[in-house]
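Enquirer: Model the structure of this input:
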Amino acid sequence: MNKEVKGKYLSLKKNACFEVLQQNRTVPIGDQVEIAMHKVGICASDIERTCRFGAYTYPLVIGHEMSGIISRVEDKGRLNFKIGDRVAVFPLLPCFACESCDRKKFALCKSYSYYGSRTNGGMSSYLNVNTWNLLKIPDNVSLEDAALLEPSAVVLHAIKKLELSRDVSLNICILGAGFLGLLCINLLKKNYQNCKITVLDRNNYKTEEARSLGAEAETIPSSEEMELFCDKMKSSFDCVLEFVGAPETFVNSIQLCKANGTIVWIGNISADLSIPKSLVSSILRKELRILGSWNSDYKINSSCDWTATLDLMSKGFSPSKLISNRIKISEVGETLLKMNDHKNRISEFKNIKTLVELR
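Expert: Take a look at the predicted model:
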C-alpha cells in the first residue's frame with residue numbers, strides 16, 4: 001500500500017467508516033444466534049457510506065451481502081437452528097409495527113435498521129443475527145453463492161415487476177452492465193429465453209462480460225455518444241431496466257422505451273433528476289409504465305423473492321461465477337478506495353464483484 005493510499009485508508013478508519021471487529025464476541029440474546037462469517041460481498045452502496053457520504057452510525061462494520069455458519073446457539077431447545085448450519089442473512093431489520101410490516105412488505109418498513117449500514121454487518125469474524133433473518137442454505141449451494149443471495153433477490157424482484165410470461169418475445173434494454181445488470185441477464189436468459197436483451201455500459205470489459213452471457217451489448221463511454229444512441233434507438237424497447245443510478249440514465253430509459261412499454265428503476269439515484277416538459281409529454285403520449293423497485297420481498301417460512309432465488313441457486317443459478325476479485329479482510333479499505341476512484345473516473349479498476357473471504 002503506497003503512502004497516499006495508506007493515508008486515505010487510515011483516514012477511513014479514523015472516521016469509523018470502516019472498522020473490523022475481529023474479536024469482541026458477545027453472547028447472543030433473545031432470538032439471536034452467533035454466525036461465524038465466511039463470505040461477504042462488497043456492494044456499490046458500501047462506496048457511498050465509506051468514501052463519500054458517510055453512514056448512519058459510527059463506528060460501523062459494513063457488509064450486508066453475507067453468508068456463514070452458525071457457531072453458537074444459546075437456547076438449543078427452542079430454535080430451529082443448530083451449530084454447523086450454513087446460512088444466508090436477510091439484512092433488513094423491520095420494526096414489525098408500521099403499516100408496511102403489517103402487510104408483510106418489510107422492505108417498505110418506515111422505521112427499519114439494517115445489518116451493515118445502520119448496525120454492524122458481516123465484515124466481522126462473528127455476528128449475532130436474529131433467527132428471523134436467517135435462511136438455511138441447501139447442501140448444493142455454496143457459501144459464495146449464498147453471500148450473493150441479497151443482490152440476486154433484488155434483481156429477481158425487479159424482473160417480477162415486468163410481469164413477463166414464459167413464452168414472451170420482447171426487446172429488453174438493461175442500462176448498466178455492473179453486477180446487478182449482469183445478474184439480470186442471467187435471470188432473464190434462464191426464465192425468458194425468447195427475449196432479446198441489449199445492455200448498455202460505458203466500460204468495455206463489462207459489455208464484453210454481457211456478451212459472454214448471451215446479450216447484445218454496446219459500449220457507450222460518453223454522454224454525447226449516449227445521446228446519439230438514444231436518437232438512433234428512440235422508442236425501440238418494450239422494457240427498460242435502469243441499474244446505473246445516474247440522472248441521465250433515468251432520462252435515457254424514458255427515451256428508449258416504446259409506447260405502452262414498461263420501465264423499472266432500480267439504481268440508487270446519485271443526484272437530482274430534472275425531466276424536461278418534452279420528456280414528460282413523451283411519458284404521457286407513449287402511456288409508459290414507470291415502476292420503482294426497492295430491495296426485495298422476504299417472508300419467513302413462506303414463498304418470497306429470497307426463497308425463489310435460493311431455489312434457482314439449487315437448480316444451477318450461480319452468481320458467484322461473476323466474482324472478479326476475491327480479497328482478504330485486510331484489503332477491504334484499499335479496494336473501496338479503488339472502487340471510489342473508478343466511480344469518479346480518477347483511475348480504472350476492473351471489477352464486476354468483489355467478495356471478501358473471512359475464512
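Enquirer: residue ranges of the strands in the stretch 201-350 of the chain, please?
Expert: 216-219, 237-242, 257-265, 289-292, 325-327 (DSSP state E, counting those that start in this stretch).
Enquirer: Sheet-wise, list the partners of the second one with their directions.
Expert: Using DSSP bridges, the neighbouring strands of strand 237-242 in the sheet come out as strand 171-175 (parallel), strand 257-265 (parallel).
Enquirer: Then the first one?
Expert: Strands adjacent to strand 216-219 in the sheet, as given by DSSP bridges, are strand 196-201 (parallel).
Enquirer: buried ones in the partner strand?
Expert: Within strand 196-201, the residues scored as buried using 16 or more other C-beta atoms under 10 Å are 197, 198, 199, 200, 201. For glycine as for every other residue, the C-beta is placed from the backbone atoms N, C-alpha and C.
Enquirer: In CSV: those residues, plus distance to residue 168 and pLDDT.
Expert: Below are the buried residues of strand 196-201 laid out as CSV (distance: C-beta to C-beta, whole Å; pLDDT from 0 to 100):
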residue, distance to residue 168, pLDDT
197, 12, 98
198, 16, 98
199, 18, 98
200, 21, 98
201, 24, 98
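Enquirer: Over to residue 182. Which of the three states is it?
Expert: Using DSSP: H, G, I helix; E, B strand; the rest coil, the structure places residue 182 in helix.
Enquirer: Can you give me every residue that contacts residue 313?
Expert: Taking C-beta atoms under 8 Å, 6 or more residues apart in numbering as the criterion, residue 313 is in contact with 138, 141, 145, 146, 149, 152, 319.
Enquirer: ok, now how distant is it from residue 152?
Expert: Counting by C-beta to C-beta, to the nearest Å, the separation of residue 313 from residue 152 is 8 Å.
Enquirer: list the residues that contact both of the two?
Expert: residue 319.
Enquirer: Could you report the neighbour count for residue 52?
Expert: Neighbour count for residue 52, taken as other C-beta atoms under 10 Å: 12.
Enquirer: Excluding covalently adjacent residues, which one is nearest to it?
Expert: Spatial nearest neighbour of residue 52, excluding adjacent residues (C-beta to C-beta, 6 or more residues apart in numbering): residue 340 at 6.9 Å.
Enquirer: Can you report how many residues lie near the one you found?
Expert: Using other C-beta under 10 Å, the number of residues around residue 340 comes to 18.
Enquirer: pLDDT wise, what is it at?
Expert: Note for residue 340: predicted pLDDT of 95.
Enquirer: That one touches residue 49, doesn't it?
Expert: No. In terms of C-beta atoms under 8 Å, residue 340 does not count as a neighbour of residue 49; the distance is 11.1 Å.
Enquirer: Sketch out the low-pLDDT regions of the stretch 151-300 of the chain for me.
Expert: Within the stretch 151-300 of the chain, no range satisfies pLDDT under 70.
Enquirer: contacting residues for the residue nearest to the spatial centre of the chain?
Expert: The centroid of the chain falls nearest to residue 151 when counting by C-alpha atoms, centre = their mean (3.5 Å). Residues counted as contacts of residue 151 (C-beta under 8 Å, 6+ apart) are 41, 43, 65, 179, 180, 183, 319.
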